[in-house]
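K.L.:
Make a model of this:
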Amino acid sequence: FDTYRAEAMGGNHITLSGGDAVGATPPISNLFGDTPTMDALNMLGLSADTLGNHNFDRGSDYLRTELIPLAEFPYLSVNTLYTASGKLPPEWQASATFNFDGFKLGVVGYTLPELATLIFPGYLDPFQVTDPASAINAEAAKLRSKGKVNAVVAVGHLGGDGTDVFNPTGALVDLADAVVNVDAVLGGHTHAQYIHYLTNGRLVVESPNGGQRFSRVR
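P.N.:
This next block holds a predicted model:
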């Protein structure tokens with residue numbers, strides 16, 4: 001990371017994760033409740049993380065009280081809300097803004113809509129995951145209002161189907177087609193890799209899991 005960060009103009013860079021950094025981890029992290037992974041993410045200089053299904057492998061309470069408090073970076077998920085109130089908890093936020101010498105980049109986090117079906121029943125409670133496209137669009141519009149940001153990136157845990165790196169299809173591409181006022185959509189979950197421009201000019205990026213590779217966007 002430091003090698004590529006050094007090439008960034010003016011030292012301006014951010015490092016994002018599409019979720020699942022904890023849960024389903026190697027035994028050395030799992031044995032200690034994934035707290036070593038949180039230490040590693042801090043050491044890597046992560047700028048923001050999002051919520052994947054494996055983030056809830058020990059339930060939402062453990063995630064919120066044991067893991068997220070260790071993070072030296074924000075967690076972002078615009079569409080993971082309290083079921084009763086429809087509001088975000090204090091442990092994560094809808095978006096973050098990064099200032100690069102006057103150029104302001106809005107980063108909106110999202111969570112895959114089928115998350116509840118991929119974890120142990122009740123482990124998502126007291127939350128629900130809503131439609132990511134509509135939630136991203138609302139947050140992007142808010143960020144762009146009155147010129148608050150110059151560009152918007154959506155990052156989260158949703159992937160392509162992995163069949164064609166040059167012409168990706170699947171949930172990630174569907175999301176990229178459905179959002180507006182968003183310049184790039186970064187994903188995860190399916191362990192595939194894409195760096196592809198859609199016909200509407202929107203960039204779609206997904207990287208493999210487990211740190212096998214990362215994608216650089218300039």
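K.L.:
which stretches of the protein form helices?
P.N.:
2-5, 27-30, 35-43, 60-62, 132-144, 171-178 (DSSP state H).
K.L.:
In a markdown table: these, plus distance to residue 207 and mean pLDDT.
P.N.:
(Glycine included, C-beta is placed from N, CA and C.) Putting the helices of the chain into a markdown table (distance: least, Cβ to Cβ, whole Å; pLDDT from 0 to 100) gives the following:
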| stretch | distance to residue 207 | mean pLDDT |
| --- | --- | --- |
| helix 2-5 | 13 | 91 |
| helix 27-30 | 20 | 91 |
| helix 35-43 | 15 | 96 |
| helix 60-62 | 26 | 98 |
| helix 132-144 | 19 | 97 |
| helix 171-178 | 12 | 96 |
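K.L.:
Tell me which of those helices sits nearest to residue 216.
P.N.:
Proximity to residue 216, assessed across the helices of the chain by Cβ to Cβ, is greatest for helix 2-5 (5.6 Å).
K.L.:
quick revisit: can you redo the helices of the chain as JSON lines with distance to residue 90 and mean neighbour count?
P.N.:
Output for those, formatted as JSON lines (distance: least, Cβ to Cβ, whole Å; neighbours: other Cβ atoms under 10 Å):
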{"stretch": "helix 2-5", "distance to residue 90": "30", "mean neighbour count": "10"}
{"stretch": "helix 27-30", "distance to residue 90": "25", "mean neighbour count": "13"}
{"stretch": "helix 35-43", "distance to residue 90": "18", "mean neighbour count": "16"}
{"stretch": "helix 60-62", "distance to residue 90": "13", "mean neighbour count": "16"}
{"stretch": "helix 132-144", "distance to residue 90": "17", "mean neighbour count": "20"}
{"stretch": "helix 171-178", "distance to residue 90": "26", "mean neighbour count": "20"}
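K.L.:
Many thanks, we can stop here.
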